[in-house]
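# show me how the following folds:
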Amino acid sequence: MTAGRTTRAERMAMPLARQVVRDLAAEHGACLRPVQLRRTELDTGYVEQVLIPCGHTLASVCPSCAERARILRATQCREGWHLEQEPVIDPDPAAEEQRTLITERAEAQEGRDLLASESLDTAELDERIEELDEEITGTGMRGNVLPARPRRHRTTRRRQDAAPLPRRTVSARTIGRTYTAPDGQTFRPSLFITLTCPSYGRVGEDGAPADPDTYDYRRAARDALHFAALFDRFIQNLRRYVGYDLQYFAAIEPQRRLAPHVHLALRGTISRAELREVIAATYHQVWWPSTETVKYDGGCLPVWDEHARTYLDPDTGEVLPTWDQALDAIGNEDEPLHVARFGARFDAQGVLAGSRDASRCIGYLTKYLTKHLGDCHQATSDNQAAHVTRLADALRYEPCSPTCANWLRYGIQPRNARPGLRPGACKGKAHRREYLGYGGRRVLVSRKWSGKTLADHRADRKAWLTGMLGLPATDPTRYSWEPVKPGDPDHMPNGQRLLHVVADRIQWQTALEQARRRAAEADLSATGQAA
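The predicted structure is shown next:
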């Protein structure tokens, strides 16, 4: 071999420069996909390039941003779990412009309803109302004056196969009870609860069914699709039972059998017997059209009529029932499409503020937040892989929402039908293998949990960091921001951006270590002087 030359095997063993940059960025907690923005100071016109983190919450995409998001959620959980004073959440008073718009909206609604009662044309006022609603939202008011669509009411009579649920008047209190020990010390404990889905068939140690032919995949799929609604019903029932505005921080995770379950940090306490009573009385009825009969399959699918903006039967040309028409056809004697319930087994542990159990439970709540649901338990055997495939097959044609394309398979037009819909190809994330049928949010937090939004907690962390480093607060109104596009002359490729964020991250970490050292030395000096 000629001196100075290397073999292909030797070259392949050399570290790859780009990968070393990514590894170094991850080691220092820098974002792997920084976003480049152009910041212009409005007073001076000075322009500079600013790199901000991508903010992704999945470790498979950006481990540094995902870890920061997980730590932020842990902080949010910790600050709200054992509050001893009621959180103060007072909305700002309405501005004069907002009050004026609401007044105009009231007059427009009154005029519109008067015309409608006389069967006159309301198109002009409807257009004006739509404009006012947009203006009201643009001024910074939350919510809508009227619901987007009229609420459809179903019978409120409890099911005969459900346990009775005692109800109390719910007060505005959010703080749990205080207990006093014989020595006079007071405690305000809280709860850590785990709720699971019912059994769909016997499973082995690996979570795969012992007998796949008898495992109820259809029920498992539907329970996963409606798990978020079932959880909301449980919280509603629990508040009615305990009689106060109970607050919670919950995280959704899959069990080894791939069924969703929820870990729940609950402020205050409730006995296991009472929890068992509320769980037994909780159910969620899905009042959707029946999916027992498949009307269109394979190559025989409904066709879209561009002129009528609707779906037609491919053979007869008849218009398929709309979503509202299908709901209207559900009679009082009909049964709901599905009734979701929790399993009878649950776990509840009392937790004290600042204890080792509290830290352990918070870590457990945020353990899998940086992963997809389907990545929490990797299939390591053929049985587990087959179990995932069968569950995905059960979810493929199961409607996930009123707008799901799968409704065409059963002869019903989805809500807000549009061209290009095809059964079995719904783009809803609940149908993807990585979500295992659960399409809701992974973290569920009540509004009065900590008295702060996630943006408030993020601002607190930023204020602590800038205060620790002695940096002045910046006024966001001084700047204008715009994204830097790939075709712009000042656009930096991703490799260059990574080099910048690595250098910046090292400088920030060095400055923070020095600030902490100075603070520690100042504390020691103050302690020595006091002594």
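
# in the sheet, which residues pair with the closest residue to Pro189 other than its chain neighbours? Tell me.
Spatial nearest neighbour of Pro189, excluding adjacent residues (CB to CB, 6 or more residues apart in numbering): Gly350 at 4.8 Å. Just so you know, the C-beta spots here come from the backbone N, C-alpha and C atoms, and that holds for glycine as well. Taking DSSP bridges, one obtains Leu191 as the residues bridged to Gly350.

# now do the contacts for Gly350.
Listed by CB atoms under 8 Å, 6 or more residues apart in numbering, the contact set of Gly350 reads Pro189, Ser190, Leu191, Thr269.

# now, the most widely separated pair of those residues?
For the contacts of Gly350, the farthest-apart pair by CB to CB is Pro189 and Leu191; their separation is 7.6 Å.

# what about Tyr479, neighbour count?
Neighbours of Tyr479 under the rule other CB atoms under 10 Å: 16.

# which phi and psi does it have?
Phi and psi for Tyr479, reported as degrees, to the nearest 10, are phi -120, psi 160.

# do the same with Pro260
With angles defined as degrees, to the nearest 10, Pro260 shows backbone torsions of phi -70, psi 150.

# what is the burial count for it?
Pro260 has 25 neighbouring residues, counting by other CB under 10 Å.

# contacts only, for it.
Cys197, Asp223, Ala224, Phe227, Ile252, Glu253, Pro254, Leu373, Leu436, Gly437, Tyr438.

# one more: Val445?
Gln76, Gly80, Tyr248, Phe249, Ala250.

# could I get the residues you listed as a markdown table with neighbour count and distance to Arg18?
Formatted as a markdown table, the contacts of Val445 follow (neighbours: other CB atoms under 10 Å; distance: CB to CB, whole Å):
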| residue | neighbour count | distance to Arg18 |
| --- | --- | --- |
| Gln76 | 23 | 35 |
| Gly80 | 24 | 42 |
| Tyr248 | 24 | 44 |
| Phe249 | 26 | 40 |
| Ala250 | 22 | 40 |
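
# make TSV out of those residues and add distance to Ile52 and secondary structure.
Formatted as TSV, those follow (distance: CB to CB, whole Å; DSSP: H, G, I helix; E, B strand; the rest coil):
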residue	distance to Ile52	secondary structure
Gln76	21	helix
Gly80	27	helix
Tyr248	32	strand
Phe249	27	strand
Ala250	29	strand
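
# ok, back up a step: neighbour-wise, which of Pro189 and Leu191 wins?
Just comparing Pro189 and Leu191: by other CB under 10 Å the higher neighbour count belongs to Leu191, 23 against 18.

# and that one, how far from Leu373?
24 Å (CB to CB, to the nearest Å).

# then Pro321?
Distance of Pro321 to Leu373, computed by CB to CB: 34 Å.

# who has more neighbours, the two?
Ranked by neighbour count (other CB under 10 Å), Pro321 and Leu373 place Leu373 first, with 21 against 17.

# what sits against Arg68?
Neighbouring residues of Arg68 by CB under 8 Å, 6+ apart: Gly29, Pro53.

# again but with Ala463, I slipped
Residues in contact with Ala463, defined by CB under 8 Å, 6+ apart, are Ala473.

# which intervals of the stretch 1-150 of the chain have sub-threshold pLDDT?
1-4, 148-150 (pLDDT under 70).

# which parts of it are strands?
All strands of the stretch 1-150 of the chain, identified by DSSP state E, counting those that start in this stretch, fall at 35-41, 47-52.

# low-confidence regions, this structure specifically.
Scanning the chain for pLDDT under 70 picks out 1-4, 148-156, 527-531.

# neighbours of Leu275, how many?
For Leu275, the number of neighbouring residues by other CB under 10 Å comes to 20.

# surely it and Ile193 touch.
Yes. Counting by CB atoms under 8 Å, Ile193 is a contact partner of Leu275 at 7.1 Å.

# quickly list what's touching both of those two.
Residues within reach of Leu275 and of Ile193 at once, by CB under 8 Å, 6+ apart, are Phe346, Ala348.

# picking up where we left off before, and the contacts of Val445 as CSV, adding distance to Cys404?
Listed next are the contacts of Val445 as CSV, based on distance: CB to CB, whole Å:
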residue, distance to Cys404
Gln76, 32
Gly80, 35
Tyr248, 29
Phe249, 30
Ala250, 25
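
# between those, which is nearest Gly317?
Distances from Gly317 to those, taken by CB to CB, are shortest for Ala250, at 48.9 Å.

# that closest one bridge partners, please.
Beta-bridge partners, per DSSP bridges, of Ala250: Leu264, Leu444.

# I figured it hits His261, correct?
No. The criterion here is CB under 8 Å, and Ala250 misses it with His261 at 10.5 Å.

# quick one, helices of the stretch 301-450 of the chain?
Using DSSP state H, counting those that start in this stretch, the helices of the stretch 301-450 of the chain run over 323-328, 356-365, 382-396.

# and these as CSV, adding distance to Gln285 and mean neighbour count?
What follows is the helices of the stretch 301-450 of the chain, written out as CSV (distance: least, CB to CB, whole Å; neighbours: other CB atoms under 10 Å):
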stretch, distance to Gln285, mean neighbour count
helix 323-328, 13, 16
helix 356-365, 29, 16
helix 382-396, 20, 17
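
# export the ones you listed to a markdown table and append columns for distance to Glu130.
Formatted as a markdown table, the helices of the stretch 301-450 of the chain follow (distance: least, CB to CB, whole Å):
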| stretch | distance to Glu130 |
| --- | --- |
| helix 323-328 | 20 |
| helix 356-365 | 42 |
| helix 382-396 | 37 |
